[in-house]
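*Asks:* When you get a sec, could you give me coordinates for this:
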Amino acid sequence: MKSKPRTPFLRATVTGLTPGRARPLALALSCVLLTACASVGPDYREPPPVDVGSGWSLPLASESQSADLSQWWSALDDPILDRLMATALAQNLDLRQAAARIDEARALRDRVAGEALPTAAAGASVNRRRQSENGPLPVGSIPGLDATQTIYDAGFDAAWEADLFGARRRALEGASARLQATEAEAQGVRMRIVAEVARTWFTAVGARYELHAQQATLDTLQQTLELVRLRHALGDASAADVEAAYAQWTAVNALIPDIQARQRAAVLSLGVLLGAPPERELALLDGPLTPSTLRALPVGERAEMLRRRPDVLAAERAWQRVPPTSAWPRPNCSPNSPSVSAAGSKRSARAIGSMHPARVFPSCR
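*Replies:* I've put the predicted structure just below:
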């Protein structure tokens, strides 16, 4: 089958390009085609702000009146609660795990950032060997060849990968978003620990107040029972009145063990939350009561509270760290971006006591 004759335009184009000129042009055209197929996707954009309006039933606190909620419990003027919070934030095991996860995410981010930089390595070694004179090679009879040889070896390697398609940059953005999500999750763990310590302490204090109230009621019913029994002995009260007074005293007395159990369970839970043995805070059962002063905290509008929630922040950062190839798929394109790298090495070896001179082995790839 005969080939078709080339047109004058194609003939002029083909014959006008020498192999030296056609090779760079083909390389540039390949890079353009690969860039069109291996794009790393659009940039991340934060969600637009939501208009929450101004029709609130209560006046909102201004920015100047906003309180620092990171240590909101300090406004209650409770020294025992302050001590419990400080101990929990310093020794709680969940907080330590969250801090370790932050260190892990930060190390991964630093590793991704380091992969975009050139790498270099150098090494050297010294080997000393001695050949046997009783072997098949007569070492001792060959002039210039010593039985003992010392070999010095030194090498240097360098490599760098050019981020032409933005894969390294996207990986760094994803690692940074993961670090931010881990920090938000750690903030959520801190908020849960603080809330749990406060709730448990208030439960213990409330149970103790309830216990004192029930004991006072029990003392009153005990006096009432004694008076009814005295009236019954004088003939002024019936046996039914005595039984009714005794039933009231028995019902209140039966509530006291349950209150004591709830108070003890709350104090034991405090020890666990503090990262210590459960029995650590049992002395609080007999300690003095310190009433807390409840105060209103200006927390702002509800939309601001939603923006401060750690789970919302962590979810937003988790969406940001999704690889663009999976979030925005491109048809007929490979999910892996091509890479262009340059590497080189140079090694030098010298043997002392042999017949071979020093040699240098450079290479580049």
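*Asks:* make it CA atoms for all contacts and neighbour counts henceforth
*Replies:* OK.
*Asks:* Please look at residue 108 and residue 175 and confirm they touch.
*Replies:* Yes. In this structure residue 108 lies within contact range of residue 175 using CA atoms under 8 Å: 6.9 Å.
*Asks:* between these two, who's got more neighbours?
*Replies:* Per other CA atoms under 10 Å, whichever of residue 108 and residue 175 has more neighbours is residue 175, with 24 against 17.
*Asks:* Near the nearest residue to the more buried one once chain neighbours are set aside, how many other residues are there?
*Replies:* Nearest non-adjacent residue to residue 175, counting by CA to CA, 6 or more residues apart in numbering: residue 109, 4.9 Å away. A count of nearby residues for residue 109, using other CA under 10 Å, gives 20.
*Asks:* what's the answer for residue 160, then?
*Replies:* For residue 160, the number of neighbouring residues by other CA under 10 Å comes to 16.
*Asks:* now do the one 3 residues further on
*Replies:* Using other CA under 10 Å, residue 163 is surrounded by 16 other residues.
*Asks:* and it, what pLDDT?
*Replies:* pLDDT for residue 163: 75.
*Asks:* got it, and the one 10 residues further on?
*Replies:* Reported pLDDT at residue 173 in the predicted model: 82.
*Asks:* now swap in residue 177 and tell me
*Replies:* As summarised for this prediction, residue 177 has a pLDDT of 86.
*Asks:* now do residue 169
*Replies:* According to the predicted model, the pLDDT of residue 169 comes to 81.
*Asks:* That one sits in which helix or strand?
*Replies:* Secondary structure assignment for residue 169, by DSSP states H and E: helix 167-234.
*Asks:* what's that helix packed up against?
*Replies:* helix 79-91, helix 93-115, helix 239-273, helix 310-320 (3 or more CA pairs under 8 Å, 6 or more residues apart in numbering; DSSP states H and E).
*Asks:* So, low pLDDT: which residues of the chain?
*Replies:* Within the chain, the set of residues satisfying pLDDT under 70 comprises 1-42, 50-68, 133, 135-145, 289, 291-292, 297-304, 321-365.
*Asks:* Export the helices and strands packed on helix 167-234 as CSV, with columns for distance to residue 150.
*Replies:* Written out in CSV, the entries for the helices and strands packed on helix 167-234 read as follows (distance: least, CA to CA, whole Å):
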stretch, distance to residue 150
helix 79-91, 58
helix 93-115, 37
helix 239-273, 65
helix 310-320, 58
